[in-house]
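Novice: whatever this is, show me its structure:
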Amino acid sequence: MAFQDLLIHVGNLGRFQILQMAFLLICIGMVLPHSLLENFTAAIPGHRCWVPILDNDTVSVNDSGILSQDDLLRISIPLDSNLRPEKCRRFVQPQWHLLYLNGSFSSVAEPDTEPCVDGWVYDRSTFLSTTVTQWDLVCGSQALNSVAKFIFMMGLLTGHIIGGRLSDRWLSESARWLIVTNKPQKGLKELRKVAHINGMKSSEDVLTIEVVRITMKEELEAAQTKHSLLNLFRTPNLRKRVCLLCFVRFVSLIPVLGLLIHFQYLSSNVFLLQCLYGVVSIPANVLGKFSMNYMGRRITQMIFMSLMGISILTIIFLPQEMQTLRTILATFGGAISSASLTSTLVHANELVPTVIRATALGVVGIAGSAGAALSPLFMILTMYSANLPWIIYGVLSIFGGLVALLLPETKNQPLPDSIQDVENDSRRKSSREAKKDTVTKVTPF
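Specialist: From the prediction side, this is the model:
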């Protein structure tokens, strides 16, 4: 509360804050696309087994040109349940008789097949090269594609831990940090700089060292106590908040990343879907902001995460032929996932006290990064069922939205400055609820 009183004199939302937001957007804009690039760098193009009579230039059984490429493919590669060429097996010997059966297999014994022992031929009409084509991460090695994405996301998790620690050097010059670390003169200088940028000329007479010391008295006293990671879990209410925030962030990042880096499974045109997601995510985030201010943080998270889960679950029951509807639902789910993640971030910032906020958000962020890292591994389950990973993503999204309702609402509430503020706030709420129960019991109508 105290530092917020000082912000009134320097301008709550002025040129300084806008410049800060623009700088942060540029930084985020350079980082986030790396995750979405997995839709292209790790795309799985169409593929089939390499066969000599089709793909070996030195071996040719069709010099006369009587047989077409489709005929040669027909006698070399078996068909799957959808009557399309198998991706992972080939005939041991060319099955010439298949050219004359018109698709009927009833009177012919099942021919012997084998895995793609000589490698694969990839459809390069869309992607000339990906990690999949470079390392043959298909068929029996398809799980390694998910492992590669997991390793990439683990790099982000490691960077989150290391970078979060290093960022204290660069963020340490904030006015609040300077004041609570017994550098009030430097903190006052920063406040006056912000006031000057925001055009608050009259603030120079108001912002004095005495005003800073008096206004920040409680925070200065609280800052004398050094807080460690263990302080997050020593008091019951803060411990509950941090554990719930970690769980919600962990559960929500699994379906969000699962959706955003696996667009290829949802639409035949990943380029179109990626562009649509980029366009729609902006108004979706604006809608999320208004929703948080109107309905509150908890309800917004619950609604948005549930809608994302429902859209994912709906897509898996749509046939591949309904590409337009699948694209619309995937775009909607992606945009909603971005808005739900934003509301989760805002809620977490408002629930933890100032004196230990950086540590708390670091712990919550690590939990989220762990969920993001594990997200690609669920795609390994496609070896057993193509829909199983998506069912898990959809259910986890809905479940995460419901768990968010267990957290306190922070709409129009002051930010807690100390751990004691969190504990006192919970006691006040318990007291109000007890009074309401008493009134209910006493009042006859």
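Novice: can you pull out the strands in the stretch 101-250 of the chain?
Specialist: Secondary structure of the stretch 101-250 of the chain (DSSP state E, counting those that start in this stretch): strands located at 113-115, 120-122.
Novice: most tightly packed of the ones you listed?
Specialist: Per-stretch averages of neighbours, counted by mean count of other Cβ atoms under 10 Å, single out strand 120-122 among the strands of the stretch 101-250 of the chain, with a mean of 18. Quick note: C-beta positions are derived from backbone N, CA and C, even for glycine.
Novice: that one pairs with which strands, and in what direction?
Specialist: Strand 120-122 pairs in its sheet with strand 47-49 (antiparallel), by DSSP bridges.
Novice: how near is residue 95 to residue 260?
Specialist: 43 Å (Cβ to Cβ, to the nearest Å).
Novice: the two: which is more packed in?
Specialist: residue 260 (23 against 18; other Cβ atoms under 10 Å).
Novice: surely the more buried one touches residue 35?
Specialist: Yes. Assessed by Cβ atoms under 8 Å, residue 260 is found in contact with residue 35 at 6.9 Å.
Novice: pretty sure residue 256 sits against residue 339.
Specialist: No. The criterion here is Cβ under 8 Å, and residue 256 misses it with residue 339 at 10.6 Å.
Novice: mind listing what's buried along stretch 180-196?
Specialist: Within stretch 180-196, the residues scored as buried using 16 or more other Cβ atoms under 10 Å are 180, 183-184, 187-188, 190-192, 194-195.
Novice: go ahead and confirm residue 280 touches residue 329.
Specialist: No. Taking contacts as Cβ under 8 Å, residue 280 lies outside contact range of residue 329: 11.9 Å.
Novice: more neighbours: those two, which one.
Specialist: More crowded of residue 280 and residue 329, by other Cβ under 10 Å: residue 329, with 20 against 17.
Novice: closest one to residue 163 among the strands of the stretch 101-250 of the chain?
Specialist: strand 120-122 (36.7 Å; Cβ to Cβ).
Novice: next, count neighbours for residue 338.
Specialist: Using other Cβ under 10 Å, the number of residues around residue 338 comes to 22.
Novice: count the residues that sit near the residue nearest to it when sequence neighbours are not counted.
Specialist: Take residue 338 and drop its neighbours on the chain: the residue closest to it by Cβ to Cβ, 6 or more residues apart in numbering is residue 281, 4.5 Å away. By the criterion of other Cβ under 10 Å, residue 281 has 19 neighbours.
Novice: for residue 53, see how far away residue 281 is.
Specialist: Applying Cβ to Cβ, the value for residue 281 to residue 53 is 48 Å.
Novice: where does the stretch 51-200 of the chain have low pLDDT?
Specialist: Counting by pLDDT under 70, the stretch 51-200 of the chain has low-confidence residues at 57-65, 101-109, 164-168, 170-173.
Novice: I am finished for the moment; much appreciated.
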